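Participant: Okay, sequence plus prediction incoming.
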Amino acid sequence: MTSESTPSHPTARVKKTSTKAASAAKNTTTKAATAAKKTTTKAASTAKATTTKATTAAKATTTKAAEAAGGRFTMPKVEMPKFEMPKFEMPKFEMPKVEMPKVEMPKFDRPKLEMPKFEMPKVDMSKAKLPDVDVAAMTTQAKDRVTVTAKSVRGNVSHTIDLIREAVGV
């Protein structure tokens with residue numbers, strides 16, 4: 001005999017199992033994401049450190065090799081004399097105060113214009129017929145035109161190169 005009891009609702013057991021599975025999946029996903037972030041951060045810092053070390057080593061090696069070969073040319077250092085600009089003050093100019101005369105504009109009323117009233121014509125768009133366009137045919141036609149143009153350009157360039165070679169004597 002089994003001690004298993006049947007729940008009062010037939011889907012109760014499925015719901016409990018599904019909830020457990022969902023929470024387990026969520027926990028696993030969270031752990032995996034955290035581990036991935038840590039790994040990515042560690043790899044980035046390691047790569048940066050390695051690149052910095054390699055750059056420093058390359059600079060040192062290049063400097064040593066240039067010094068050993070005697071390939072470095074140093075310019076003699078020449079000290080340039082220091083120039084100082086003389087200090088002077090700008091003279092102050094006083095501008096006379098000018099008052100503009102006050103002018104009063106005459107007041108006037110705008111003319112009142114009335115536009116004629118008219119009714120807009122009604123257009124029935126349901127009767128309008130748009131032209132039929134075959135996009136596939138247009139695409140094929142465009143490709144053909146491009147191909148013909150490319151062949152023509154290639155022929156012209158080849159002809160020009162031949163002319164240049166004949167003129168140069170190659």
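Facilitator: Structure received. Quick caveat: nothing in here was measured; it's all calculated off a predicted structure. Numbers count the residues shown, from 1 in each chain.
Participant: Distance from stretch 109-118 to the middle of the chain?
Facilitator: Computed by C-alpha atoms, centre = their mean, to the nearest Å, the separation of stretch 109-118 from the middle of its chain amounts to 53 Å.
Participant: end-to-end on that stretch?
Facilitator: End-to-end span of stretch 109-118 (C-alpha to C-alpha, to the nearest Å): 28 Å.
Participant: Domain map for the protein?
Facilitator: Per the record's domain assignment (automatic domain parsing), the chain is made up of the domains 12-66, 137-170.
Participant: buried ones in stretch 50-66?
Facilitator: Buried positions in stretch 50-66, judged by neighbour count with 16 or more other C-beta atoms under 10 Å: none. (C-beta placed from N, C-alpha, C; glycine too.)
Participant: ok so, going back, any idea which of the domains of the chain scores lowest on pLDDT?
Facilitator: Least confident of these, judged by mean pLDDT, is domain 12-66 with a mean of 78.
Participant: which residues in the protein form helices?
Facilitator: Listed in chain order, the helices of the chain (DSSP state H) span 12-69, 135-168.
Participant: can you redo these as a markdown table with distance to residue 127?
Facilitator: Listed next are these as a markdown table, based on distance: least, C-beta to C-beta, whole Å:
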| stretch | distance to residue 127 |
| --- | --- |
| helix 12-69 | 59 |
| helix 135-168 | 25 |
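Participant: So for residue 85, which of those sits nearest?
Facilitator: Taking C-beta to C-beta as the criterion, residue 85 comes closest to helix 12-69 out of the helices of the chain, the separation being 40.8 Å.
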